[in-house]
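Chemist: here is the input, now give the coordinates:
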Amino acid sequence: MKLRPDQLSAHLKQLHLQQCAPVYIISGDEPLQVSECCDQIRLKARQQGFTERHVYHIDKTFDWGEVLEAANTLSLFAEKQIIELRMPGKPGDAGRKVFKEYIDHPSPDNLLLIITDRLDNATQKEKWFKALEHEGVFIPIWPIEAYKLPEWIAQRLKQDGFSATRDALSLIAERVEGNLLAASQELEKLKLLAKDQRINEETVQSAISDNARYDVFQLTDAALTGNVKLCVRILGVLKGEGIEPPVVLWALVREIRLLSYMSRLKSKGMSTDAVIEQSAKVMGFAPFILKKRRPILEKTIQRHSEKHFRDMLQMTGTIDRSIKGLDRNNPWDELLTLTLFLAGMPPVTAQI
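Modeler: Okay, here's the model as predicted:
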């Protein structure tokens, strides 16, 4: 069975007379929706007696036998168990065999929750995947398109008894630029400022102008201007305020991809005006925003080689794995290294 994220709640509510599906597959690159879908499933499972939970991070060295061992072993103190697999891509031959064995010998005491990156159509047609989907529920998660974001924000507010004007919704959507985790955190701040549970444009503008705390946009600007001390300070404040690492990584990735693309265009001899127009069109930025930021963008491109930008993008992949628990590195340490690299302090392993 395939469900959209917004259909999951209704599906789970219908399970008051029956048990959760034996398998749930959450696939996508949008952290907030992935996290919230998983939370809903875990909560329903706990209500149905799945009191034990085993979490496995799949990598090339993973012993898939641990999954079957867990499936066939239940602790003396647990009624049922959730077996949670965090899998970055395809399972490989060993994983496929384990999934087949799991499906061939189902147990009502086990719930298999698979969390994976976005799966392409070819993967979804493979036998191992079709077998899992047939036995359970597949929830593919896609980024919300820009024109649908104000509606998503409005629905989010409505769930908590709040409303917002059309202008306020547009301004919030413009500020978060498609990052739902950033949008969720922004809404929590705006709710505290709202009068009579309604958010208008003035509320949003006030939150932006009067907020003395740092945000991820100030972090990227500090990095682009090469202000190392300010980068360290802002990153420390963001961590202390509980900002999630995926939000910080999103802001840095967005900036580095833009700079990398602009650098390639500049190397082809295009004028700065032409580079800005082309980059805005291809990378999804408003042209007037890039024109306003032209001085610091040019300064950063002059400070780095194209190879530097490629190295930074490779680093973002490593940080993403750390955030997902697939590596043991500290995501905040890695975010600091990346930020300082962008600010002009390459790590010792980077070649000039």
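
Chemist: tell me the spacing between the residue nearest to Leu258 when sequence neighbours are not counted and Ser27.
Modeler: Of all residues not flanking Leu258 in the chain, Met283 sits nearest, at 5.2 Å (C-beta to C-beta, 6 or more residues apart in numbering). Backbone N, C-alpha and C define where each C-beta goes, glycine included. Using C-beta to C-beta, to the nearest Å, we find Met283 at a distance of 25 Å from Ser27.

Chemist: Gln14 belongs to a strand?
Modeler: No. Gln14: not assigned to a strand; according to DSSP: H, G, I helix; E, B strand; the rest coil it is helix.

Chemist: what count of nearby residues applies to it?
Modeler: 9 (other C-beta atoms under 10 Å).

Chemist: how much space between it and Thr165?
Modeler: Taking C-beta to C-beta, one finds Gln14 at 35 Å from Thr165.

Chemist: for the lowest-mean-pLDDT helix or strand in the chain, packing partners?
Modeler: Lowest mean confidence among the helices and strands of the chain (mean pLDDT, DSSP states H and E): helix 201-210, at a mean of 72. If you count contacts as 3 or more C-beta pairs under 8 Å, 6 or more residues apart in numbering; DSSP states H and E, helix 201-210 packs onto helix 166-176, helix 180-193.

Chemist: and it, what's buried?
Modeler: For helix 201-210, a neighbour-count test (16 or more other C-beta atoms under 10 Å) marks 201, 203-204, 207 as buried.

Chemist: heading C-terminal from it, find the next helix or strand.
Modeler: helix 216-224 (DSSP states H and E).

Chemist: now the angle from that next one to helix 180-193?
Modeler: 120 degrees (axes from the mean of the first three to the mean of the last three C-alpha atoms, to 10 degrees).

Chemist: and helix 216-224, what does it pack onto?
Modeler: helix 228-240, helix 245-267, helix 294-303, helix 331-343.

Chemist: switch to 10 Å and redo it
Modeler: Judged by 3 or more C-beta pairs under 10 Å, 6 or more residues apart in numbering; DSSP states H and E, helix 216-224 is in contact with helix 180-193, helix 228-240, helix 245-267, helix 294-303, helix 331-343.

Chemist: any chance of TSV for those helices, columns mean neighbour count, mean pLDDT and distance to Val137?
Modeler: Output for the helices and strands packed on helix 216-224, formatted as TSV (neighbours: other C-beta atoms under 10 Å; pLDDT from 0 to 100; distance: least, C-beta to C-beta, whole Å):
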stretch	mean neighbour count	mean pLDDT	distance to Val137
helix 180-193	17	85	21
helix 228-240	17	89	35
helix 245-267	20	93	24
helix 294-303	16	92	45
helix 331-343	21	95	30
